[in-house]
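Student: missing the sequence, but the structure's below:
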């Protein structure tokens, strides 16, 4: 059976339909999460501390509408996190017509794998947040008092979570390129030292601050994920052989 190429107008109509579904997913997530915005901010203000004394970040507003805008932002971002599987599914449905039949069977593993890894990165960033904040706020000594803007602090936490979520996509990227034959487990192992340097550069670009503790907490999972990626690439090569 020969595939019939879709005209440009059909592609644009398909793209519009997928974007509408993504907007609906984001809207539904926002409606659900906005009611919990204050609780989400309170959770970020007093993050879970696994080791050491509990921490509570003193927050304040420096503009009349800052609290309102922050709650809107929290609702949107939390809604984005909640609707991520739906958005990934719509993305896959858009590119699926251009894939071969045996490639389409990776839809569910792709969506589940990407979502789980992204959420795992977000959870890890929340767990290391107390260590990072304790380190950064420890420099507020003497007459310097640490009273952070609620908008800045929420933005800091969100950027940290997104950075960790993106970093945790490394195994999915390696699986994709291994399937295409662009990388191999031997190539990944050979360029390990180069990858370490690249990881440090990427971590410095993604983290909200360039303090050494934030870099360390991001580079260590990247090294672990790189090792897991090598094992996954070996598994794919054995299966293809």
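Tutor: Nice, thanks for sending it over. Nothing here was measured: the structure is a model prediction, and the numbers come from that model.
Student: list the contacts for the residue positioned nearest the centre of the chain?
Tutor: For the chain, residue 165 is the residue whose C-alpha lies nearest the centre (C-alpha atoms, centre = their mean; 2.2 Å). By C-beta atoms under 8 Å, 6 or more residues apart in numbering, residue 165 lies in contact with 117-119, 121-122, 125. Any C-beta I mention is one placed from the backbone N, CA and C, and that applies to glycine too.
Student: Report the buried members of these.
Tutor: 117-119, 121-122, 125 (16 or more other C-beta atoms under 10 Å).
Student: related to what we said a few turns ago, so which of the contacts of residue 165 sit within helices?
Tutor: Among the contacts of residue 165, the residues falling in helices (DSSP state H) are 117-119, 121-122, 125.
Student: Let me know the closest of those residues to residue 197.
Tutor: Set against residue 197, the nearest of the ones in helices among the contacts of residue 165 by C-beta to C-beta is residue 121 (21.3 Å).
Student: From what I see, the closest one and residue 164 are in contact.
Tutor: Yes. Counting by C-beta atoms under 8 Å, residue 121 touches residue 164, with 3.6 Å between them.
Student: and for these two, which residues touch both?
Tutor: residue 221.
Student: Going along the chain, name the strands of the chain.
Tutor: Ranges of strands within the chain are 59-60, 148-149, based on DSSP state E.
Student: Pick the most buried one from these.
Tutor: Most buried of the strands of the chain by mean neighbour count (mean count of other C-beta atoms under 10 Å) is strand 148-149; its value is a mean of 17.
Student: can you list contacts of it?
Tutor: Residues outside strand 148-149 that contact it (C-beta under 8 Å, 6+ apart): 57-62, 66.
Student: Can you list which of those residues are found in helices?
Tutor: Short answer: the contacts of strand 148-149 in helices (DSSP H) are residue 66.
Student: where exactly do the helices run in this structure?
Tutor: Shown for the chain, the helices assigned by DSSP H span residues 8-34, 37-45, 66-82, 84-95, 101-104, 107-137, 150-167, 170-179, 185-190, 192-206, 212-240.
Student: Let me have the ones you listed in a markdown table, extended by mean pLDDT.
Tutor: Shown next, in a markdown table, are the helices of the chain (pLDDT from 0 to 100):
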| stretch | mean pLDDT |
| --- | --- |
| helix 8-34 | 87 |
| helix 37-45 | 91 |
| helix 66-82 | 91 |
| helix 84-95 | 83 |
| helix 101-104 | 66 |
| helix 107-137 | 87 |
| helix 150-167 | 90 |
| helix 170-179 | 85 |
| helix 185-190 | 90 |
| helix 192-206 | 87 |
| helix 212-240 | 87 |
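Student: Which of the ones you listed sits closest to residue 53?
Tutor: That would be helix 107-137 among those, by C-beta to C-beta, at 8.9 Å.
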